[in-house]
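Engineer: Quick one, what's the 3D model for this:
(chains A and B)
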Protein chains: 2
Amino acid sequence: MTSQASDGPTIGELGEFGLIAQVQAQIGGNRHVLLGPGDDAAHVSTNDGTFVVSTDLLVEGRHFRRDWSSAHEVGRKAAASNLSDINAMGGVATALTLGFGAPADLPAEWALEMVRGFELECSHVGAHIVGGDVTASDAIIIAVTAMGDAPRPVRRSGALPGDVVAYAGDLGLAAAGFATLSRGFRSPKAAVEAHKVPHPPYAAGPQAAGAGATAMTDISDGLLADLGHIAEASGVAIDLDSTAFVIPEAVATVGEALGRKALDFVLTGGDSYALVATFSSETNLPSGWTAVGRVSDGEGVTVDGQPYDGPEGHQHFR
Amino acid sequence: MTSQASDGPTIGELGEFGLIAQVQAQIGGNRHVLLGPGDDAAHVSTNDGTFVVSTDLLVEGRHFRRDWSSAHEVGRKAAASNLSDINAMGGVATALTLGFGAPADLPAEWALEMVRGFELECSHVGAHIVGGDVTASDAIIIAVTAMGDAPRPVRRSGALPGDVVAYAGDLGLAAAGFATLSRGFRSPKAAVEAHKVPHPPYAAGPQAAGAGATAMTDISDGLLADLGHIAEASGVAIDLDSTAFVIPEAVATVGEALGRKALDFVLTGGDSYALVATFSSETNLPSGWTAVGRVSDGEGVTVDGQPYDGPEGHQHFR
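Structural biologist: Numbering: from 1, shown residues only, chains lettered A, B, ... in the order given. Modelled structure (predicted):
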């Protein structure tokens, strides 16, 4: 099929993050780009205002499975993961576009049910689909772009030594659910459901921005990995207190059943779409936020003063 | 793979436009959605302004072929088709997101070269990539969302009886190029190049909006099909004068070589990303616009007073 000569590395050799870094090096900016690639969402100015925007590309078999999730659940999760990116900027999504590719023999009802789930999830923040595209493809493809308002976008780069680290939402449930489904089990239900349909804490993002959060991101790769992005972007070190976390009961159950530490799921499990943020130590944390650590001079993320001895990121859960 | 029961039609049975119509029926609106799905772009308000947005999903083998087009050309076309949607609203794109899926064995240089072409095309209007997503997939997937400013968005629904119909840009070249490549030929070059990299008339959209165009769209499905969308949305009839069109020399050459009417390519060829608009008869057309028809009471699109006796739309060219 290809007529390309190939002297350099393949995408697989370069890896996702390597490719992204090289792509970013080629992208310019203009007066409209207040914040470009590299954060949860970009911040763009218009002639008369600004908006934030984020995009995700989901492929059947890699991001969802039709034998695990209903069309409605796939639609909800596709929306949730994008709404979460706007949430993580402290914004509220208002409009989304939806690109959809599928084989011709897919029942139309699957697509319609997916859209219903997508719109239901969007209704939690008052957003709607404003545009889309449909094409034929061998695998089901869902391409989402979410746009929204963020009066004060919270970047990853603003954490300061002395800040408190806090999170909002459920940690570890989705990863415990994935581990459960991967072994052919269907319960505990709370974990399995959290994997199929995450529940991002949609109120918590704008609340944190309003309270003056200095940095924020959502948990898609795993808490330690995502905090690593904040530590790197901010040029700081972060230490977490392992006893401060609320471990959901279903996560403890899965940990016991599978012979794994529940804390592994909490600290390294992906796809939870919880939020983690840093606040000045003088800030009264908004309700729903739990303090779990401190920012200091240095680099990297530690737990109880040590590098965490466990799985290192989301790849172990996928 | 699927566990879905299926009583209803498949996507193939419903067809692209049938599916889109059913999806649209399920989508709500809010105060932010000034114009939702169904036009070239949506118009969305923010807390402090507005923007226009459009999205496209491109799949290898259906929208581009690596043995026909270089990575740079694929990137340029992916950008151009989306910039054209903003152009067709009378807007100027400022920011785009880019979702990219590809197999792990794709040379990374292909992706980087595609992005270079994408950014080059965006530079024609001063826009840039502001965000993206990368995932593994069996086929190459390119998901684009373009956002921009449109002080006075021009919809498809505003054409009035008595208006003049005019176009800007090249008609028929890309379709003639596609027909050429499909038969294994590589020339005439002007046609082949136009298929690989379209040249939307980026100045013409904002000019038309500024001159008070009453309706506008870009030519993606073919002039007659796209004018049909304007006629339907506006509730009017449109008649074209076949002698008024400028037929590019390469289109005439391909027509002769393949034994087809050159006018077929001009009137029904897709993917040209030219613009067609309607203007009050009192408007002085901006430079680059050619008057080719009239709007009247009624419905449907005719040529020289008759239904056009030729291929009926883009599907014949794809």
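Engineer: so where do the strands sit in the stretch 201-318 of chain A?
Structural biologist: With DSSP state E, counting those that start in this stretch, the ranges of strands along the stretch 201-318 of chain A come out as A:215-218, A:237-240, A:275-279, A:290-296, A:300-303.
Engineer: Output the contacting helices and strands for the fourth one.
Structural biologist: If you count contacts as 3 or more CB pairs under 8 Å, 6 or more residues apart in numbering or on different chains; DSSP states H and E, strand A:290-296 packs onto strand A:164-168, strand A:237-240. Every residue, glycine included, has its C-beta placed from N, CA and C.
Engineer: Is it possible to get CSV of the strands of the stretch 201-318 of chain A that adds mean pLDDT?
Structural biologist: Shown next, in CSV, are those (pLDDT from 0 to 100):
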stretch, mean pLDDT
strand A:215-218, 97
strand A:237-240, 98
strand A:275-279, 98
strand A:290-296, 98
strand A:300-303, 97
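Engineer: Switch these over to CSV; also include mean neighbour count.
Structural biologist: Compiled in CSV, those are given as follows (neighbours: other CB atoms under 10 Å in any protein chain shown):
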stretch, mean neighbour count
strand A:215-218, 28
strand A:237-240, 21
strand A:275-279, 29
strand A:290-296, 19
strand A:300-303, 19
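Engineer: sorry, back to before: of all the helices and strands packed on strand A:290-296, which lies closest to chain B?
Structural biologist: Comparing these by their distance to chain B (CB to the nearest CB), the top pick is strand A:164-168, with 23.1 Å.
Engineer: quick one: the closest one to chain centroid distance?
Structural biologist: 16 Å (CA atoms, centre = their mean, to the nearest Å).
Engineer: Equivalent analysis for stretch A:24-40, please.
Structural biologist: Using CA atoms, centre = their mean, the offset of stretch A:24-40 from its chain centre is 20 Å.
Engineer: what's it in contact with?
Structural biologist: A:20, A:23, A:42-46, A:50, A:54, A:85-86, A:88-89, A:153, A:155-157, A:216-218, A:233, B:94-95, B:112, B:115-116, B:119, B:123, B:126-132 (CB atoms under 8 Å, 6 or more residues apart in numbering or on different chains).
Engineer: same thing but at 6 Å, please
Structural biologist: Residues outside stretch A:24-40 that contact it (CB atoms under 6 Å, 6 or more residues apart in numbering or on different chains): A:42-45, A:85, A:88-89, A:155-156, A:217, B:94-95, B:115-116, B:126, B:128-131.
Engineer: what about residue A:145, is that helix, strand or coil?
Structural biologist: strand (DSSP: H, G, I helix; E, B strand; the rest coil).
Engineer: Just list the residues touching it, thanks.
Structural biologist: A:55, A:97, B:97, B:145.
Engineer: now the residues you listed as a markdown table including secondary structure and distance to residue A:258?
Structural biologist: A markdown table is the format used below for the contacts of residue A:145 (DSSP: H, G, I helix; E, B strand; the rest coil; distance: CB to CB, whole Å):
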| residue | secondary structure | distance to residue A:258 |
| --- | --- | --- |
| A:55 | strand | 34 |
| A:97 | strand | 39 |
| B:97 | strand | 38 |
| B:145 | strand | 40 |
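Engineer: Make CSV out of the residues you listed and add distance to residue B:61.
Structural biologist: Shown next, in CSV, are the contacts of residue A:145 (distance: CB to CB, whole Å):
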residue, distance to residue B:61
A:55, 23
A:97, 23
B:97, 23
B:145, 22
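Engineer: could I get those residues as CSV with pLDDT and distance to residue B:34?
Structural biologist: Listed next are those as CSV, based on pLDDT from 0 to 100; distance: CB to CB, whole Å:
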residue, pLDDT, distance to residue B:34
A:55, 95, 22
A:97, 95, 15
B:97, 95, 21
B:145, 97, 17
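Engineer: what's the closest non-adjacent residue to residue A:63?
Structural biologist: residue B:135 (7.3 Å; CB to CB, 6 or more residues apart in numbering or on different chains).
Engineer: what about the helix or strand harbouring that neighbour, average pLDDT?
Structural biologist: Assessed by DSSP states H and E, residue B:135 sits inside strand B:128-136. Averaging pLDDT along strand B:128-136 gives 91.
Engineer: circling back: show me the contacts for the residue nearest to residue A:63.
Structural biologist: So residue B:135 contacts A:57, A:59, B:101 (CB under 6 Å, 6+ apart).
Engineer: Next: residue A:180.
Structural biologist: A:191, A:192, A:254.
Engineer: Pop out the phi and psi values for the second one.
Structural biologist: Dihedral angles of residue A:192 (phi, psi; degrees, to the nearest 10) stand at phi -60, psi -40.
Engineer: quick one: the nearest residue in space to it that is not next to it in sequence from chain B, how far?
Structural biologist: Sequence neighbours aside, residue A:177 is the residue nearest to residue A:192 in space, at 4.4 Å (criterion: CB to CB, 6+ apart). Distance check for residue A:177 against chain B: by CB to the nearest CB, to the nearest Å, it reads 18 Å.
Engineer: Next, count neighbours for residue A:177.
Structural biologist: By the criterion of other CB atoms under 10 Å in any protein chain shown, residue A:177 has 33 neighbours.
Engineer: Over to residue A:120?
Structural biologist: 14.
Engineer: How about it, nearest residue that isn't a chain neighbour?
Structural biologist: Per CB to CB, 6+ apart, closest to residue A:120 is residue A:76, 6.3 Å.
Engineer: Can you say which helix or strand has that neighbour in it?
Structural biologist: helix A:71-87.
Engineer: coming back round to it: could you dump the contacts of residue A:180 into JSON lines and include pLDDT?
Structural biologist: JSON lines is the format used below for the contacts of residue A:180 (pLDDT from 0 to 100):
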{"residue": "A:191", "pLDDT": "93"}
{"residue": "A:192", "pLDDT": "92"}
{"residue": "A:254", "pLDDT": "95"}
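Engineer: List just the nearest of the residues you listed to chain B.
Structural biologist: residue A:192 (15.5 Å).
Engineer: quick one: the closest one and residue A:63, what's the gap?
Structural biologist: The gap separating residue A:192 from residue A:63 is 17 Å, by CB to CB, to the nearest Å.
Engineer: and what of residue A:130?
Structural biologist: 23 Å.
Engineer: which one of those two has more residues nearby?
Structural biologist: Using other CB under 10 Å as the criterion, residue A:130 and residue A:63 rank with residue A:130 on top: 29 against 20.
Engineer: Just the pLDDT for residue A:5.
Structural biologist: Value for residue A:5, per-residue pLDDT: 48.
Engineer: which SS class is residue A:195?
Structural biologist: Applying three-state DSSP: residue A:195 is helix.
Engineer: Does stretch A:85-104 reach chain B?
Structural biologist: Yes. Residues of stretch A:85-104 are located near chain B by CB under 6 Å from any CB of the partner chain, namely A:94, A:95, A:97, A:99, A:101, A:102, A:104.
Engineer: Which strand or helix spans the residue in the stretch 151-300 of chain A that chain B sits nearest to?
Structural biologist: Of all residues in the stretch 151-300 of chain A, the one sitting closest to chain B is residue A:151 (6.8 Å; CB to the nearest CB). Following DSSP H and E, there is no helix or strand that holds residue A:151.
Engineer: Alright, calling it a day.
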